[in-house]
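# Got a predicted model here, sequence first, then my questions.
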Amino acid sequence: MIIIHLEGGLGNQLFQYAVARYLSNKYNVVLKYDDSACMVNVNRPLRLNLFKIRATRADAEDIASFKDANKFRNKIINWIETKFQLPYYKRRIVQEPHYHFSADFFKIKKDAYLQGYWQSEKYFYDIRDILLNELTLKFDPDRDNKKHLKDIINSESVSIHVRRGDYVKNPHTRAYHGICSLDYYKRALKKIGSLVENPKYYVFSDDPDWTKENLKIKGKVVFIINNSNKEYEDLRLMRACKHNIIANSTFSWWGAWLGEYKNKIVIAPEKWFLTKENNYKDIVPDRWLKIPN
């Protein structure tokens with residue numbers, strides 16, 4: 001079987017599912033998820049199970065079959081992997097080797113426990129049709145979101161995601177990720193305005209009051225404020241928009257990637273992180289437009 005270790009918010013969970021789903025589809029094996037990290041992080045709860053995924057929750061025995069160092073089979077495997085210094089893709093517990101794309105991923109065996117973030121579509125683009133179907137919410141939207149969804153579908157809709165939250169409040173997180181400046185959004189709006197006729201903007205943010213006060217947009221604008229603590233509903237609306245202006249956030253990355261409009265324009269920030277420790281060259285697809293942030 002393939003087991004994926006889930007951690008982080010919804011965007012991270014979607015990346016983790018996508019890579020594991022690729023392998024389970026390749027080998028036609030069972031896919032399970034380990035949500036133990038989500039259970040202890042109240043700010044990053046399990047959200048993946050709200051979608052039409054083809055995976056079930058791994059139980060203690062499933063996880064122990066890989067991670068219990070006292071099991072005889074695991075002792076032998078761990079000794080072999082250590083003795084012969086096997087590369088990551090030959091191990092049963094597979095740790096993502098680095099932040100950018102690794103082509104050796106496709107050599108991973110059909111019995112593996114995956115750990116990491118795996119933030120590149122290059123790992124799973126070949127099963128895009130499967131993911132578009134499975135990464136759909138199991139339930140219908142409520143009345144307010146149905147109205148927004150109808151308006152989005154019937155307009156030249158452009159989503160704008162302003163990520164603040166812990167990017168602003170947590171000094172370590174801010175130093176690591178950074179935030180997209182107002183100048184980034186001004187440049188993005190100017191670019192969209194030159195490419196899209198009569199755009200209607202739908203703004204999503206975890207800090208709607210700040211965004212309303214500071215993000216000045218000419219033209220038709222709707223601030224989506226009815227989905228507090230239901231970010232998955234924002235994702236549903238975001239993916240329905242014809243075009244997207246995303247932040248350096250895996251959440252809005254997926255809002256854009258899941259969109260199916262044929263002539264979609266996606267604007268993304270050039271820098272994904274402030275620090276240089278992670279090579280993020282493979283996060284933003286080449287077909288998306290990157291501008292300074």
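Cool, the structure landed. Residues are numbered from 1 along each chain as shown.
# So for stretch 138-148, what gets flagged as buried?
By neighbour count on 16 or more other C-beta atoms under 10 Å, the buried set for stretch 138-148 is 141, 145, 148. Where C-beta positions appear, they are placed from N, C-alpha and C, glycine not excepted.
# And the average pLDDT for it is what?
Within the predicted structure, the mean pLDDT of stretch 138-148 is 96.
# Then stretch 225-236?
Stretch 225-236 shows a mean pLDDT of 92.
# For that stretch, which residues meet the burial criterion?
Within stretch 225-236, the residues that count as buried by 16+ other C-beta under 10 Å are 227, 231-236.
# Tabulate these (TSV), appending distance to Ile267.
TSV is the format used below for the buried residues of stretch 225-236 (distance: C-beta to C-beta, whole Å):
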residue	distance to Ile267
Asn227	23
Glu231	21
Tyr232	23
Glu233	23
Asp234	18
Leu235	18
Arg236	21
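# Out of those residues, which is nearest to Pro87?
The nearest member of the buried residues of stretch 225-236 to Pro87, counting by C-beta to C-beta, is Leu235 at 35.1 Å.
# how much distance is there from the helix ranked longest in the chain to the middle of the chain?
When the chain is scanned for its longest helix (criterion: DSSP state H), the result is helix 10-27. Mean-position distance between helix 10-27 and its chain equals 11 Å (C-alpha atoms, centre = their mean, to the nearest Å).
# What's the first helix or strand after it?
strand 31-34 (DSSP states H and E).
# Can I get that next one in CSV, CA atoms only?
Once non-C-alpha atoms are left out, strand 31-34 reads as follows in CSV (Å, rounded to 0.1, in the frame of the first residue of the first chain):
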residue,chain,number,x,y,z
LEU,A,31,-4.0,4.4,-0.7
LYS,A,32,-4.3,5.5,3.0
TYR,A,33,-3.5,8.6,4.9
ASP,A,34,-1.9,9.2,8.3
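# buried ones in the next helix or strand after it?
Along the chain past strand 31-34, the next helix or strand (assigned with DSSP H and E) turns out to be helix 36-40. With burial defined by 16+ other C-beta under 10 Å, the residues of helix 36-40 counted as buried are Cys38.
# on that earlier part again, columns distance to Tyr117 and secondary structure on top of the buried residues of stretch 225-236, output as a markdown table?
A markdown table is the format used below for the buried residues of stretch 225-236 (distance: C-beta to C-beta, whole Å; DSSP: H, G, I helix; E, B strand; the rest coil):
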| residue | distance to Tyr117 | secondary structure |
| --- | --- | --- |
| Asn227 | 25 | coil |
| Glu231 | 18 | helix |
| Tyr232 | 19 | helix |
| Glu233 | 24 | helix |
| Asp234 | 21 | helix |
| Leu235 | 18 | helix |
| Arg236 | 23 | helix |
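# Closest to Ser155 out of the residues you listed?
Of all these, the one sitting nearest Ser155 is Arg236; the distance, using C-beta to C-beta, is 16.3 Å.
# who are the neighbours in contact with that closest one?
The neighbourhood of Arg236, defined by C-beta atoms under 8 Å, 6 or more residues apart in numbering, consists of 137, 141, 145, 149.
# my guess is the second one contacts Asp234, does it?
No - in this structure Pro141 lies outside contact range of Asp234 using C-beta atoms under 8 Å: 10.9 Å.
# what touches both of the two?
Common neighbours of Pro141 and Asp234 are not found (criterion: C-beta under 8 Å, 6+ apart).
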